[in-house]
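A.B. asks: Here's my sequence, what's the structure:
(chains A and B)
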Amino acid sequence: MGIFFEQLVNGLTVGSFYALVALGYSMVYGVMKLINFAHGDLFTLGSYLGYTLLVWGASWITTTAGVWAGMAIAMAFAFAGIGVAGILVEKVAYRPVYPAGRLPLVVSALGMAIFLQNGIMAVWGPRFQVYPSHLVPTASFELFGLPITFLKAFILVLSLVVMGVIYYLVEKTTFGAAVRASALDRETATLLGIDIRRVIFFVFALGPALGGMAGVMNGMYYRSIQFNMGWNYGLKAFTATILGGIGNIPGAMIGGLLLGIMETMFAGYVPGGGAWKDGFTFLVLILVLILRPTGLVGEKVAEKV
Amino acid sequence: MGKSISILVTCCMLVVLMMSGAWADEGPIVIGLQAPITGDFAIEGQMARQCVETAAELINQDGGVNGRLIEIVVADDASNPRDSALAAQRLISDDVMAAIASYGSSVTEPAADLYDRFGTISVAYGATAVQLTMDKERPYFFRTCGRDDSQGEFFAKFAVETMGWERIAIMHDNQTFGRGVAEETRKYLEPYIEEGRAEIVFYDVITPREQDYSAAITTLRETAPDVWYYTAYYPEAGLLVRQGREAGITIPFVGSNAVPNDDFVRIAGIEYAAGTLMTQEPMPQDFDTPKSQVFLDAYREKYGDIPSSPWPVYAADALFALAQAIENTGSTDADILAAEMRTMENAEGVTGQILFTERGDRRDIPYAMYTYTEEGTLELYTP
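C.D. replies: As a prediction, this is how the structure comes out:
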């Protein structure tokens, strides 16, 4: 039982990362109907921005601010930086090709992903970068006899809070109504006086910003980061999004957590399961798509945000 | 008149032929060395050249091979496959008796094909990919270095006989290299398992390029192994060591020779990397063979220090093996020499006795157990 609980916590931790990345993915898809392949690499970029800030401010963090403050600042910095980067990506790579239809848009997104990945490699180099260990909070508490670091708990709580905030923003506010309206029918929404550019601006700032923040959390938790790690996360987040129902915000959260738990349980409990972990995960995805094409919590296609 | 001239010419030609034949028998034995003298691995190539030249000098000081001196011709492959083919062609057209070639498996492969096609013996000194000897028949190809999977044999023996570890956990990444070493380890553990001296309690795969291995680590910990052997590369090894120690695994971690490097230490963190073990090719200074002392002294006298990498001394051993084969047979014919190299048992090298298998691999390859110190440097592990 203790082991099962430990594996569950392991799975929830991985799942929280998937969920955080998936939230941004899902939001962009909901409004733009665009699979933002560059999302994973914006996540990586966030991780590198946080790393750079931490290394620059290392002495200030250790002497005055403390590791938690350092982490908060790094996260805020990455959040803001990647928010801006997201807007730039939209301006440079997506806006010029909107009229050309969806396929050129997807190709453009792929190109952006490759550009970002190579750009990160050019700036920070192809080697692994490692978050300095004295800048990472290491305190832990015990839960049912299992030591859990505050960092781990923080990651899980943060992803839940982020989900809640976004859900509230989109579902309960006037601006959220505008976002949902734009997702439903962009032209009609424009006719009714909704400033579609503001909606796009909001979506492309917030979605990637969440990814950037997740990137810092990722660096804090796993320490080592590399320029091409975003691809894997992008793929997993994409899977999580589809699993939960693409464009659906609680769906992305549930999909991410579920994906993490499934992977962990399969690798942990099936003998020789490590080799088949990903195969099993995608098998489940296919089954979900056959039985519930809109995802686990997805609704009718028209209502997605 | 015309007849006598033609006889004279024939006689002259005969004399020239005899003289050239006599020259070929009495003159130096020309051995080619193909190595990355320039390029990314220039340091490896230059140390290999220094090693081969030192070895040639030692042989020549003792009167050469059957009274003939050894002469070395160097060709630079710049550590890329295209230049490698050019270098091989140059050595072949220089009519070398055999070639020592080269460092890096992908660089060695095209050259090995060429040498083989032209019936020239080639001996690789730093090419460990399994496919070089297992993919297709290359009757003239040998190597003095080990094969990627041969450290599995070493680990099995070391774990059971030296350390007395009984419950063994093996983890790999399902890629060619990692799986090769893991399967080889399992194969060589079989006899111990039958004797009841060992047991494989965990044998599983992780997916490379991920960041969270906690599921596999928790499962591994619950099987209560005595040792944990990870047979693949450093990025995952670094994460595994860190996450394993944080999950409370205190047993020895052993990595393959693709693990030890600075990035492994950075990713795992020095506090966790210290004390981890590595199955690795021994460094030159750690060889305890009759020849190593003489060789390293001569090398140090000439170049000031001993080679800083494990590989160059295998180039010297390639020359020692070739010289021994020539001495045994008294021949420089490639077919006779190739047959001799497969069976000879009296070749002594810096890295120990040099025995080749039917496919040209080195038998009983020397490996050693290394450990990371608190300062993050590698040193020989003494149990």
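A.B. asks: Model confidence at residue B:182, what's the number?
C.D. replies: On pLDDT, residue B:182 comes in at 95.
A.B. asks: quick one, phi psi at it?
C.D. replies: The phi and psi values for residue B:182, taken as degrees, to the nearest 10, are phi -60, psi -50.
A.B. asks: what's near enough to touch the residue lying closest to it once chain neighbours are set aside?
C.D. replies: Nearest in space to residue B:182, with sequence neighbours left out and distances taken as Cβ to Cβ, 6 or more residues apart in numbering or on different chains, is residue B:172 at 3.9 Å. Quick note: C-beta positions are derived from backbone N, CA and C, even for glycine. Contact analysis of residue B:172 by Cβ atoms under 8 Å, 6 or more residues apart in numbering or on different chains lists B:178, B:179, B:181, B:182, B:205, B:206, B:230, B:231, B:232.
A.B. asks: tell me the contacts of residue 217?
C.D. replies: As the question left the chain open, I've gone with chain A. Residue A:217 neighbours (Cβ under 8 Å, 6+ apart): A:17, A:20, A:75, A:155, A:158.
A.B. asks: Correction: the question concerned chain B.
C.D. replies: By Cβ under 8 Å, 6+ apart, residue B:217 lies in contact with B:240, B:243, B:244, B:247, B:249.
A.B. asks: Can you tell me which of those lies closest to residue A:188?
C.D. replies: Using Cβ to Cβ, residue B:243 is the member of the contacts of residue B:217 that lies nearest residue A:188, at 51.3 Å.
A.B. asks: Roughly how far does residue A:37 sit from residue A:43?
C.D. replies: Residue A:37 sits 12 Å away from residue A:43, taking Cβ to Cβ, to the nearest Å as the criterion.
A.B. asks: higher neighbour count, these two?
C.D. replies: Applying other Cβ atoms under 10 Å in any protein chain shown to residue A:37 and residue A:43 shows that residue A:43 carries more neighbours, namely 32 against 23.
A.B. asks: Skipping adjacent residues, who's closest to that one in space?
C.D. replies: Of all residues not flanking residue A:43 in the chain, residue A:211 sits nearest, at 4.1 Å (Cβ to Cβ, 6+ apart).
A.B. asks: Tell me which stretches of the chain form strands.
C.D. replies: No chain in the question, so chain A it is. Assigned by DSSP state E, chain A shows strands spanning A:129-130, A:140-143, A:146-149, A:224-225.
A.B. asks: Can you look at chain B instead?
C.D. replies: Using DSSP E, the strands found in chain B span residues B:29-35, B:70-76, B:98-101, B:121-124, B:141-143, B:167-172, B:199-205, B:227-230, B:253-255, B:277-280, B:348-349, B:352-353, B:368-372, B:378-380.
A.B. asks: thinking again about what came up before, for the residue nearest to residue A:43, give me its contacts.
C.D. replies: Residues near residue A:211 by Cβ under 8 Å, 6+ apart: A:20, A:21, A:24, A:25, A:39, A:40, A:42, A:43, A:46, A:82.
A.B. asks: What pLDDT does the model give it?
C.D. replies: For residue A:211, pLDDT reads 94.
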